[in-house]
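1. turn this into a model:
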Amino acid sequence: MSASGADTGRETSRTYPRTATSAHPTLRGVLLERPQVLAAARAHLAATGVGERCGYRAGDFADVPADGDVYILSRVLHDWDDDRCRSILRHCADAMPRHADLLIVERLLPADAAPSLATAWDLHMMCNTGGRERTADHYARLLEDHGLELAGHTPLALGAHALHARRP
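-> Predicted structure coming up:
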């Protein structure tokens, strides 16, 4: 059985190779990246041995490829304010077939006032990009605006989480 994924933006040269080289030797993907970054990402993926399993597409968030099984946004949404996040998520939701999943890798702010590395990153993002870190509930509300639900989230290294979204 073959599956396909679309990795959209920023962390493509790091995220996709780990995904593609896991236990899924038939996994193929489409890398959507800005034109000025695409050549370096292509060279990196070729060097990791998964370049031949990847299609390459120059574009931005409005150009999300259709018909993927899994879509990945890794450390993308924290760069943007809520309005821009809604736009990015709208483009993803519009491209996603009914069965597709969306994986979002971000740091999560704690729901309470507990100390967290994400709090420091939140301040950093607000000062430097106008973006922010968010709680899981905040992401759930952003996803709901586009017919997606937050199915769950799993902790990762360095305070990040993999948020799993899909259509209800």
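
2. show me which helix or strand of the chain is least confident by mean pLDDT.
-> helix 12-20 (a mean of 53; mean pLDDT, DSSP states H and E).

3. all helices for the protein, in order.
-> For the chain, helices defined by DSSP state H occupy the ranges 12-20, 35-47, 82-95, 117-128, 136-144.

4. give me the neighbour count for the nearest residue to Leu103 once chain neighbours are set aside.
-> Computed as Cβ to Cβ, 6 or more residues apart in numbering, the closest residue to Leu103 that is not its neighbour in sequence is Ile72, at 4.9 Å. The C-beta positions use only the backbone N, C-alpha and C, and glycine is treated the same way. Residues lying near Ile72 (other Cβ atoms under 10 Å) number 24.

5. quick one on the thing from earlier: reformat the helices of the chain as a markdown table; add distance to Leu108.
-> Output for the helices of the chain, formatted as a markdown table (distance: least, Cβ to Cβ, whole Å):
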| stretch | distance to Leu108 |
| --- | --- |
| helix 12-20 | 17 |
| helix 35-47 | 26 |
| helix 82-95 | 14 |
| helix 117-128 | 6 |
| helix 136-144 | 5 |
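
6. right, so of those helices, which gets closest to Arg166?
-> For Arg166, the closest of these is helix 136-144, at 9.3 Å, according to Cβ to Cβ.

7. could you measure the nearest residue to Arg34 once chain neighbours are set aside against Ala162, distance?
-> Distances taken as Cβ to Cβ, 6+ apart place Asp60 nearest to Arg34, at 6.5 Å, with adjacent residues excluded. Asp60 is 23 Å from Ala162, where distance means Cβ to Cβ, to the nearest Å.

8. same check on Leu102?
-> Relative to Ala162, and taking Cβ to Cβ, Leu102 is found at 11 Å.

9. give me the more crowded residue out of the two.
-> Neighbours were counted for Leu102 and for Ala162 using other Cβ under 10 Å; Leu102 has more, 25 against 15.

10. once you drop chain neighbours, what's closest to Arg98?
-> Leaving aside its chain neighbours, Arg98 sits nearest to Arg167 (5.9 Å; criterion: Cβ to Cβ, 6+ apart).
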